[in-house]
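Asker: okay, structure incoming, though there's no sequence with it:
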C-alpha cells in the first residue's frame, strides 16, 4: 500500500484555481456565519460548567470510558462523512470541482477554529443540558479526524485499477454494485491506515474538545481531557501521570480491539498477487472468525447490500452519463446553486469586513503567522535532521525495525500535549524564554510521522541496492548522499508533509500553555487564535483562522506539492 | 598458475524464530582459477546466491574460510565486483552516474572517473545512453549498465548472480554472446568469472567448469568440466550430451531417494513437499501423453518444448513421481499405468484418481483426512498439523508442505480449508 500525504497532490498546479478561491470563500463565509450566530447566543451555561471533576485516580476508568466512547462516535461520524463526501466528489465531476478544494481548505483550518465558532451554536441546540456540549465535543473530535480520511478515500476511488472497473462493467455490475464490490474494498486499506492517523489526531485535541473554554462559556465534560485540564489548573503532577497511564491503556485497547483486527482483515483487499511473507495478525480477528460470530452478525447487512444492487441510487454513474451527452440543464442548476452560495458567502464576508475589518489587526495576524511559520520551518528541519538518519539506520536493520516501528507509531498515536504540563512546569521553574522553549512542544507529537515514514522507506530499499553499495565500497558521506538519502526521500516527504500540517495545528495548543495560574505565551498565530478564543473575540478568531488557513494552503501549494512531484518523478523506486 | 579464489569448508546458517538454525550452505569447497568461467548450477533457493554474497564479502560465513588472492575475505573486497539478477541500478542516477559510483567510492580524481566510465560504457555498448535514467531503458540495456558498472572498477573477479534470468529469451542470448565475445577477445579487465544460474544450457554455453549444487542445505554434488571450444553451438551433439548429463545428475539423487522410500513404505507425514499446482501436474501429464512423446520423454527435450525452466520442471516431475503418475529415471520421464488413465479420464474421474493417489502415497494428506474423519466436528485448526510438521522440519518448509497438500486436496475434494479461519474441514460451501 502506498501512503499518500494528506493534502491535495493530484492537481500538480501551483497557482490557486478559481475553485480554490471559491472553496476558501465558502469556508470563511460559513465560519463567519457561525461566529455571528454565536455572538448572539453567548450565555453562561450553569448546568454544564458546574460539574465537579474528581482528581481521584479511581474515577479515571469511568472518564477513560467516556472519552473512548466519544472518540468512537466521532470515528463513526467521520466514516459516514468520508463515504458520503469522498464518494460524491469522486463520482460526480461537477461536485468534485468544488468538493476537493473545499477539503483542502477545511483541512488547513485549525481544529480549535471549528470548535470556537461552533460550540455556542451546539450548546444552543439543547439549552441547559449536557447533550449540546457532548455534541460540540464530538464535533470537535470529528473535525480532527474526518478530512484526511475523506482525502484518502477520494484518492483511492480515483485510482482504482482500470482492469478491475472494466471487469465489473463486463459482468454487468451496476455502478452501485461496483462501488461496494470493487471500489470500496480497494480503498479500504489506505482508509484504515488514515483512521489510525485520525485517531491520534483526535487524542491530541482531546483536552481541547472536552474542556471547552470560549469566552464566558466554560464546559468540562467528564473525560480524560477534562481531568487533565483540572489537573493542570491545580498543578497536580501525580494526577497527570495517572491520566497518562489511563490514556496509554485506552490507546492499547483501541489498538488491540479495533485497529489490529481491521488491519488484519483489510489485508485481503490489497491488490497484488504475491502472498505476504508476514501477513498482519490479530488474535481478536482470528477469534471472531473461528467463532463465526462475524458471519452471523454481518449476514443481514450482506443480504441487504446484495439486495440493493438491483437499484442504483441517483448520482451514481453520473460520470458515464456525462460523457455520453452534455447535461446542460444539470450544469446550469449546479452552477446556479454554487453561485448563490458563493454570493451568500461573499455577502457575509463583506459585511463582516465592513463592520470589523481593521488593517492593523490583519497585519498583526500576518506578522504572527510569519513567526509561527518560522517556528514550523525550524522545527521540521530539526526533526528531519534528527530522525532521518535514525530512521535510515533503523529501517536497514529488520530486527531493529520490528522493535522500533510499533513504538514510533505508538508515540505518534500518543497525545504529546499531555506532556506539556511537565515541560511548562520546568520552563516556569527555570524561568526560560517561552518564545523559544514552548516551540519544541509543537513538534512533539508530529515528528513521529517523519520517523516512521523514513523507517518504512528505508526498510523497503531493495537489498540488492545496499549490496551494490557495499560491493563497490560506497561508504561515509558518499553513501548518505548517493544511496540512503535519495532512497528514502519520497517517503520522508510524505512524513514531512503530514508533520508540517500537524505542527501548524499544534501551534494553537503549544504557543499558549498553562500551569496552575501561570500562563506562558510564545508570540505566534496559534497564540493569537487561542487568546482570541478564550476572550470570546470572534472577529479575531475568524481573522486568525483565515490567516492560518491561508498560510497552510500557500505552503502546501508552493512548496510541498511541487517537491512531492519532483520526488515521485526522480526518486521513486520502479519495479 | 595461481588460484584467484579459494573457498574451504564454508558453512552458513540463518537464525529461525524459535531458536533453531536453518542451514543453507554446508561444507562448501571451491576454487576459481585464473582465466576461467566457473558456473554454479542448482535450483533456486539452493543457497548459490548466499554463497556469492559470502564471496563478495557482503556476508560472513559461520564456519570455513574464503581467500581472495591469498588474503582472507573479511568484508567487501576491492577487486570483486558483482552483477545482480534484478540489475540493482539506482533509479535516481543516470546511466553515467550509476557507472561512476564505484569509481567515486575509490576516491579517484574526477577526470579519471569520467574517462574510465565513458570507456566502460563504450565497451559494453551503451554509447548514447549516458544521460538516460534506468527507468527509460529496456531490461537488456539495464543489465548492460550493471555490467559496465562492474567492469569499470577493473575487478579481478566478476560475480554474476543469475544475470540473464530477468530478461526475455532473445535479449538474454544477445547479452550472453556479447559477453563471451568480449571475454574471448580479452577485452575485459577481468581474470575470472563466477556465474550463478539455474539454467542448464546457459551454464554449458558459457562456463569452463560447472559445479552442481544440491539443496537443503546446499552442497556441491558434482563437478563437470565443459571441454568445448568457444563459441559453442547449442545444436552440436557434444553440447547436448553435456546438457543431458547435467539433467541426469540433477534429478537422479532426489528421485532415487524418493523411490527408495516408496519401496520401503518408509514415508512419513514429515516428507517435505514443494508446492506444485494440480493444473501444472495435469499439464505435464497431458503433454507427456501426446505425440511426439507418447508417454515417454527425455527431460531436457520436454523442458525445452514446454518452455519450462528446470526450476519449474523438476518439482512437477517429482510430484508426478510421488503420486505414481510417472516414473523418473536417468533423465527420462515415463507415464505409469495410472498416469495414462489420468489422461483419458473426465474431470471427476481425474479428481478420484488424484484423491486415491493422495490417500495412498502422500501420508500427510491421508493423515489430515483421518483426523477430520475421526473428529465429531469434522474440522481441525491449521496449527494442529503445522505443529506436528515443525517437529520434523523448519517453519518455511512446513508452511510450503501444508500449502501443497491443501492445493492438492482441494483439487481432489479430499477435504477443504478456510484460509481466513485457518481451519481444515470436510465441508464444502453449500
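Answerer: Looks like it arrived, so ask away. Here the structure is a predicted model, which is why all the values come from computation and not from measurement.

Asker: can you map out the helices along the stretch 1-150 of chain A?
Answerer: A:18-41, A:46-49, A:60-91, A:93-108, A:111-125, A:130-158 (DSSP state H, counting those that start in this stretch).

Asker: buried residues, the lowest-mean-pLDDT helix or strand in chain B. List them.
Answerer: Here the helix or strand of chain B ranked lowest by mean pLDDT, DSSP states H and E is helix B:237-264, holding a mean of 78. Of all the residues in helix B:237-264, those buried under the rule 16 or more other C-beta atoms under 10 Å in any protein chain shown are B:239-240, B:242-244, B:246-252, B:254-255, B:258. Every residue, glycine included, has its C-beta placed from N, CA and C.

Asker: what of stretch A:335-352?
Answerer: A:338, A:341-342, A:345, A:348-349, A:352.

Asker: which of those fall in helices?
Answerer: A:338, A:341-342, A:345, A:348-349, A:352 (DSSP state H).

Asker: list the contacts for residue B:144?
Answerer: Neighbour list for residue B:144: B:124-126, B:175 [criterion: C-beta atoms under 8 Å, 6 or more residues apart in numbering or on different chains].

Asker: closest to residue B:359 out of the buried residues of stretch A:335-352?
Answerer: residue A:338 (70.9 Å; C-beta to C-beta).

Asker: state the distance from the closest residue to the closest one other than its chain neighbours to residue A:342.
Answerer: Nearest non-adjacent residue to residue A:338, counting by C-beta to C-beta, 6 or more residues apart in numbering or on different chains: residue A:98, 6.4 Å away. Computed as C-beta to C-beta, to the nearest Å, the residue A:98 to residue A:342 distance reads 9 Å.

Asker: overlap in contacts, those two.
Answerer: By C-beta under 8 Å, 6+ apart, residue A:98 and residue A:342 have these common neighbours: A:22, A:26.

Asker: skipping its backbone neighbours, what lies nearest whichever residue of the stretch 51-200 of chain A sits closest to chain B in space?
Answerer: Distances between the stretch 51-200 of chain A and chain B by C-beta to the nearest C-beta are smallest at residue A:185, namely 14.7 Å. Counting by C-beta to C-beta, 6+ apart, residue A:185 lies nearest to residue A:269, which is 4.5 Å off, once chain neighbours are set aside.

Asker: over to residue A:230?
Answerer: residue A:53 (4.8 Å).

Asker: the one you found: how many residues sit nearby?
Answerer: 19 (other C-beta atoms under 10 Å in any protein chain shown).

Asker: and if you look at residue A:76?
Answerer: Residue A:76 - counted by other C-beta under 10 Å - has 12 other residues nearby.

Asker: state the distance from it to residue A:256.
Answerer: For residue A:76, the distance to residue A:256 - C-beta to C-beta - is 19 Å.

Asker: one more: residue A:64?
Answerer: Distance from residue A:64 to residue A:256, by C-beta to C-beta: 15 Å.

Asker: compare the two (neighbour count), which wins?
Answerer: Between residue A:64 and residue A:256, counted using other C-beta under 10 Å, residue A:64 has the larger neighbour count: 20 against 13.

Asker: pretty sure that one contacts residue A:247?
Answerer: Yes: counting by C-beta atoms under 8 Å, residue A:247 is a contact partner of residue A:64 at 7.4 Å.

Asker: now the common contact residues for these two.
Answerer: Contacts common to residue A:64 and residue A:247, judged by C-beta under 8 Å, 6+ apart, are residue A:224.
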